[in-house]
Each structure stands twice: as C-alpha cells, then as structure tokens.
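Student: requesting a structural model of the entry that follows:
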Amino acid sequence: MSQTYAASPAPRAGASHPSNQLLAVLPAAEYRRLLPDLACRSVTPGEILYKYGQPMDDLFFPEDAICSIVRTIEDAGVEVAMIGREGVVGIGAVIGAVEAIGDVMSHTYGSGHALRMEVFHREMARHESFSDLMTWYSHLFVNTAMQTAACNGLHSAVERTCRWLLMMADRAGRDDCRITHETLAMMLGVRRPTITLVLGTLTKRGMLAPSRGGIRIVDRRALESTSCECYRRAGLRDGTGPRHT
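Tutor: From the prediction side, this is the model:
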C-alpha cells in the first residue's frame with residue numbers, strides 16, 4: 001500500500017496514543033500487535049545508548065527523551081542527527097544496517113520504547129503501514145542528516161548555535177535547554193571558547209539568558225531570524241511529526 005505523511009500536532013500520551021509520533025500514527029491494529037514487544041527504557045543526560053560500530057539489538061523510539069548521533073574523528077566529535085519523539089534511533093535497519101552509525105547520546109532524563117531488531121524485521125516483512133512509515137522516515141532522516149552535514153561546513157557558528165537550540169526546544173517543548181558549553185561545542189564541532197563567545201553575543205542581544213544548568217531562549221523570533229535556513233528546512237518544528245493523509 002502507499003501512504004503519505006505530513007506534519008501534525010503531537011498526539012496525546014497513553015497506551016493507545018503513544019507520544020512517539022511514529023508509533024502514534026500506526027493503525028490501531030498494528031500498534032496493538034507491536035505493544036507487547038515495546039519495552040520501556042529510561043535514559044539519563046550524557047548516557048550513551050549505543051556505541052559507534054557496535055551491533056544494535058534493538059531500535060529506540062523516544063517519548064520524552066532527546067538524543068544525538070555523534071561521529072568522532074581524531075578525538076573530535078560532531079552531531080550528525082538529533083532525534084526526539086518525532087523519530088526513531090536505528091532507522092538504518094531499513095536498509096540492513098546492523099551497527100550503530102555513531103555514538104547515540106541522550107541529552108535529557110526521559111524514556112522511550114525499545115523494539116527488538118527481529119520484531120522490526122518481522123513487521124517490515126508484512127509490508128503494511130509500519131513498513132511504509134519506517135521507509136518514509138528513513139528518507140527524511142537521510143535528508144536531514146545531509147542538511148546537517150552541509151550546515152556544519154557552510155554556516156557560521158552563530159547560525160548553527162541558533163539552529164541547534166531551536167531544534168532542541170522544539171523537541172523538548174520548552175525554552176530551557178540544560179546543556180554545558182562543552183557538550184554544545186561538541187555537537188557543533190567547534191571549540192569550547194567559540195561557543196562561550198557565541199552564547200555571550202546572543203545573550204547581549206537579548207535572545208538568550210543563562211538558566212540553571214543551561215540556557216534559556218528569551219526571544220525565539222530573533223533566534224529564528226539569526227539561525228540559518230537549515231532550521232526552516234528541517235520540517236520538524238514545534239514538536240510536529242508525521243500523520244496519515
């Protein structure tokens with residue numbers, strides 16, 4: 001069957017309405033079939049869920065957790081993708097990937113559901129809505145990762161910092177971002193002094209303010225205007241995700 005998907009408001013949480021937006025758009029019968037195989041998993045800030053190059057035994061569907069996939073080269077890391085409730089960690093399994101494409105790190109306290117790889121392949125083999133949805137998301141993931149790679153190479157540290165903070169706020173559903181300068185520098189592939197200078201500049205311009213353990217967005221409209229076009233192209237703004245059309 002052929003399905004299309006588009007942005008929609010986040011669904012209500014609960015057994016029949018999971019807050020992960022991929023699971024939430026599955027037909028009720030398919031979700032009920034998956035439910036016994038969805039294992040709850042809690043995560044903490046800085047936790048490494050999967051290590052680069054190691055086999056993945058399951059996929060992770062975040063609920064209120066937010067994760068980054070980080071690739072490290074010569075002891076320097078950079079984020080290649082951010083995943084929250086709009087997506088799933090491990091989507092490379094659609095094309096047969098069995099190893100993590102980077103270190104998957106959680107930014108928040110939160111939870112999600114793990115789905116064993118054999119169950120994933122069982123559902124893909126049915127060629128029903130689950131298969132269509134995972135294939136659709138794999139295309140979106142690749143496009144977003146390519147956009148991030150281009151952004152890292154072409155845009156300024158100021159633009160990329162704005163983009164990253166906005167993406168985090170969209171997924172968290174709040175304007176406070178608990179992150180250290182060191183971690184943010186790693187996500188963007190820049191030096192820590194650069195991030196300290198950028199955040200100081202954005203704070204002086206009234207877009208950000210220090211908050212307990214992190215950064216708070218004060219003027220979202222100005223931050224969006226200062227961000228590069230990659231944020232507007234991401235297609236995952238304001239916590240929106242897929243739905244059937």
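Student: tell me the bridge partners for the residue nearest to the spatial centre of the chain.
Tutor: To find the centre residue of the chain, average its C-alpha atoms and take the closest one (CA atoms, centre = their mean): that gives Ile83, at 1.2 Å. Beta-bridge pairing of Ile83, defined through DSSP bridges, involves Cys67.
Student: my guess is it meets Val70, correct?
Tutor: No - judged on CB atoms under 8 Å, Ile83 makes no contact with Val70 at a distance of 11.8 Å. C-beta coordinates here come from the backbone N, C-alpha and C atoms, glycine included.
Student: one step back: quick one: contacts for the residue nearest to the centre of the chain?
Tutor: Contact analysis of Ile83 by CB atoms under 8 Å, 6 or more residues apart in numbering lists 62, 66-69, 89.
Student: may I ask which of these has the most neighbours?
Tutor: Sorting these by how many neighbours each has (other CB atoms under 10 Å) puts Pro62 first, at 28 neighbours.
Student: tell me the contacts of it?
Tutor: Residues in contact with Pro62 (CB under 8 Å, 6+ apart) are 20, 83-85, 87-89, 110, 112.
Student: same question for Ala222.
Tutor: 205-207.
Student: now the lowest-mean-pLDDT helix or strand in the chain, how far from the centre of its chain.
Tutor: Averaged element by element with mean pLDDT, DSSP states H and E, the chain has its least confident helix or strand at helix 229-233 (a mean of 87). In this view, helix 229-233 has its centroid 15 Å away from the chain centroid, taken as CA atoms, centre = their mean, to the nearest Å.
Student: how about that helix, which residues are buried there?
Tutor: 230-231 (16 or more other CB atoms under 10 Å).
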